[in-house]
Each structure stands twice: as structure tokens, then as C-alpha cells.
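>>> Build the 3D model from these lines:
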Amino acid sequence: MPIIQALDRALKIMDLFDEYTTELKITEISARMELHKSTVHSLLKTLQMHGYINQDVETGKYKLGLKLLEKGQLMLQSLDIRTAARKHLVALSEQTGQTTHLVILDGKEGVYLDKVEGEKAAIRYSRIGRRISLHSSAVGKVLTAFRTKDEIDALLRNYQFSKITDVTITGKDAFVNELNQVREQGYSIDNQENEPGVRCAAAPIFEHNGSIVAAISISTLLSTVDDSLFKAYIALLKKEAEAISLTLGFRHV
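Numbers count the residues shown, from 1 in each chain. Alright, predicted model coming up:
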């Protein structure tokens with residue numbers, strides 16, 4: 001198939017920049033590309049218009065734009081999370097016999113991205129693509145708790161604390177207190193707050209820059225999993241969550 005020359009040149013211009021060459025003058029780019037300066041100028045202006053190249057107003061030098069970082073983040077989030085988490089969801093389910101989930105934040109709700117059905121589980125309410133409230137679920141608490149204060153404030157602005165069961169948190173102050181506890185202990189619990197008779201735990205998954213990107217959870221029935229066993233499951237849950245974060249490039253400082 002024919003190569004589109006202008007696109008090929010634009011991509012080669014971006015390839016000129018690396019960890020050693022972060023800024024270049026138009027004359028330098030022109031020389032390295034072996035192109036007339038007017039041609040290079042047009043290519044740079046097009047890349048700049050779309051955010052892939054920036055120009056320093058004082059020096060006139062060009063450098064890579066933030067749009068590349070944005071696209072890189074999207075690629076990491078869309079491709080790596082489910083792949084990285086899958087074997088750990090399976091491992092957790094096999095060790096416990098319970099159902100495990102991978103959930104991400106979308107707007108002001110959690111969305112199930114993956115699920116492994118446990119052999120001993122009798123819980124069938126969850127499904128991939130289903131949405132779940134932040135205030136009533138273990139995953140929702142985790143996805144909220146490990147964000148910045150500004151992000152949490154934005155999430156809770158005009159948030160509807162609907163009552164789902166008799167023990168669901170229905171107020172902002174109580175929820176904020178719960179989030180503080182979640183951050184301190186490193187995991188969250190939904191004790192029949194989303195479904196009677198069901199107790200869940202969730203732990204955060206962090207990406208390379210330290211931001212929370214998802215949560216994994218384990219769902220149990222109170223009738224079959226006592227407090228002691230549930231505590232053991234939480235330890236396994238945290239271990240698998242930390243392993244996923246490590247895969248995504250997260251390192252504890």
C-alpha cells in the first residue's frame with residue numbers, strides 16, 4: 001500500500017525527540033529531515049494545532065506535546081488493566097472458591113470490567129458492563145477513597161446517596177468518614193450495603209504514576225464465610241491487587 005508522505009514526515013519529526021533531545025529549533029529539524037524549512041514549518045504547525053508538538057514562545061524551540069501523554073495513558077488503561085488483572089482474578093477465585101471482579105470508575109459509578117465466577121459462589125447479580133454505586137459497594141469506596149481531595153469533592157458534588165439496603169450509607173459525612181478508614185487500612189468492605197446477605201471486600205490497583213486505575217473485589221455470602229475466613233480472604237485480595245499494580249509499573253516509595 002502507498003505511504004502517505006506528509007504523515008510519514010510528521011511521524012519522523014516526532015521520532016527526532018527522545019530523552020536526550022527534548023527540544024529542537026526549526027533549522028535543526030529541517031537539517032535532520034533534509035527538508036526545506038517551509039515544508040517543516042507547515043508540518044510543525046499541523047502537529048502543534050493537534051497538540052502533538054509545542055513551541056516555546058521565548059526560545060522558539062519545539063518539543064513534544066502533552067497529547068502524546070494523554071494517548072499513552074489511554075492505551076495503558078484500555079489495554080493493560082484487564083490483561084494484567086485476569087490471572088490474578090482467576091488465582092484469587094481458585095484460592096477462595098468465591099467470585100472476583102475487576103471494576104473501573106466511569107463518571108460517578110463503577111463499571112464491571114471483568115469477572116471470575118467462584119466454584120463455591122451463589123452470587124449472580126454482577127455481570128461485565130453492569131454499573132454499581134460508589135457509596136454502597138466495596139469497589140466504589142476504593143475507587144473513590146484513593147483519589148485526590150479535589151477529585152473526591154467533584155465525585156461527591158450533587159451525588160445521590162440512595163438507600164439500597166437497611167445498612168447503606170446515606171449521607172456525605174458518613175461516607176467521607178468511611179473513605180478515611182478505607183485509606184488507612186488499604187481496603188474496603190461492603191457489609192450487606194448493596195445486597196442483603198452479601199459481604200464484599202475490595203482493594204485498589206495503582207498504575208505507574210501512583211494514580212488509582214481500578215479495583216478488584218471478592219464477594220462472599222455471610223451464611224458460608226465467617227469473619228475469620230473473610231479476614232483471610234482480604235489478605236489474599238490485597239496480595240493480588242499489589243501484584244497487579246506491580247505489573248502496571250507501580251512502585252511503593
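>>> To what extent is Thr21 buried, counted in neighbours?
The local packing of Thr21 (other Cβ atoms under 10 Å) involves 11 other residues. Every C-beta, even on glycine, is put in place using the N, C-alpha and C of the backbone.
>>> which SS state does it fall under?
coil (DSSP: H, G, I helix; E, B strand; the rest coil).
>>> For it, give me the pLDDT.
Looking at Thr21, its pLDDT reads 90.
>>> ok, so what distance separates it from Ser137?
48 Å (Cβ to Cβ, to the nearest Å).
>>> So what touches stretch 182-202?
With contacts defined as Cβ atoms under 8 Å, 6 or more residues apart in numbering, stretch 182-202 is touched by 103, 123, 125, 132-133, 136-139, 141-142, 145-146, 164-169, 178, 203-204, 215-223, 225, 230, 233-234, 237-238.
>>> For that stretch, which residues meet the burial criterion?
182, 187-190, 192-195, 198-202 (16 or more other Cβ atoms under 10 Å).
>>> Stretch 230-250 too?
230, 233-234, 236-238, 240-242, 244-245, 247-248, 250.
>>> and if you look at stretch 7-27?
Quick answer for stretch 7-27 (16+ other Cβ under 10 Å): Ala10, Ile13, Phe17, Leu24, Ile26.
>>> For that stretch, measure first residue to last.
20 Å (Cα to Cα, to the nearest Å).
>>> Could you list the low-pLDDT ranges of the stretch 151-253 of the chain?
Within the stretch 151-253 of the chain, the stretches with pLDDT under 70 are 253.
>>> What ranges does it have for its helices?
For the stretch 151-253 of the chain, helices defined by DSSP state H, counting those that start in this stretch occupy the ranges 172-185, 227-247.
>>> For the longest one, name the packing helices and strands.
Right, the one you point to is helix 227-247. Applying 3 or more Cβ pairs under 8 Å, 6 or more residues apart in numbering; DSSP states H and E, one finds that helix 227-247 contacts helix 81-96, strand 198-206, strand 212-221.
>>> residues in contact with that helix?
80, 84-85, 88-89, 91-92, 95-96, 98, 186-187, 199, 201-207, 215-218, 220, 225.
>>> Who are the contact partners of Leu66?
Gly51, Asn54.
>>> Tell me how far it lies from Gln48.
12 Å.
>>> Return every residue with contacts to both of those two.
In contact with both Leu66 and Gln48: Asn54, using Cβ under 8 Å, 6+ apart.
>>> Drop anything exposed from the contacts of helix 227-247.
Counted by 16+ other Cβ under 10 Å, those give 80, 84-85, 88-89, 91-92, 95-96, 98, 187, 199, 201-207, 215-218, 220, 225 as buried.
>>> The helices of the stretch 151-253 of the chain: which one's closest to His41?
helix 227-247 (43.0 Å; Cβ to Cβ).
>>> May I have the closest one as PDB, with CA atoms only?
Taking C-alpha atoms only, helix 227-247 is exported to PDB below (Å, rounded to 0.1, in the frame of the first residue of the first chain):
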ATOM      1  CA  ASP A 227     -15.300 -13.400  60.000                       C
ATOM      2  CA  SER A 228     -12.100 -15.300  60.400                       C
ATOM      3  CA  LEU A 229     -12.300 -16.700  56.800                       C
ATOM      4  CA  PHE A 230     -13.300 -13.400  55.400                       C
ATOM      5  CA  LYS A 231     -10.200 -11.800  57.000                       C
ATOM      6  CA  ALA A 232      -8.000 -14.400  55.400                       C
ATOM      7  CA  TYR A 233      -9.700 -13.700  52.000                       C
ATOM      8  CA  ILE A 234      -8.900  -9.900  52.400                       C
ATOM      9  CA  ALA A 235      -5.200 -10.700  52.900                       C
ATOM     10  CA  LEU A 236      -5.200 -12.700  49.700                       C
ATOM     11  CA  LEU A 237      -7.100  -9.900  47.900                       C
ATOM     12  CA  LYS A 238      -4.600  -7.300  48.900                       C
ATOM     13  CA  LYS A 239      -1.700  -9.500  47.800                       C
ATOM     14  CA  GLU A 240      -3.200 -10.000  44.300                       C
ATOM     15  CA  ALA A 241      -4.100  -6.300  44.000                       C
ATOM     16  CA  GLU A 242      -0.500  -5.400  44.800                       C
ATOM     17  CA  ALA A 243       0.800  -7.800  42.200                       C
ATOM     18  CA  ILE A 244      -1.400  -6.300  39.500                       C
ATOM     19  CA  SER A 245      -0.200  -2.800  40.500                       C
ATOM     20  CA  LEU A 246       3.400  -4.000  40.200                       C
ATOM     21  CA  THR A 247       2.600  -5.300  36.700                       C
END
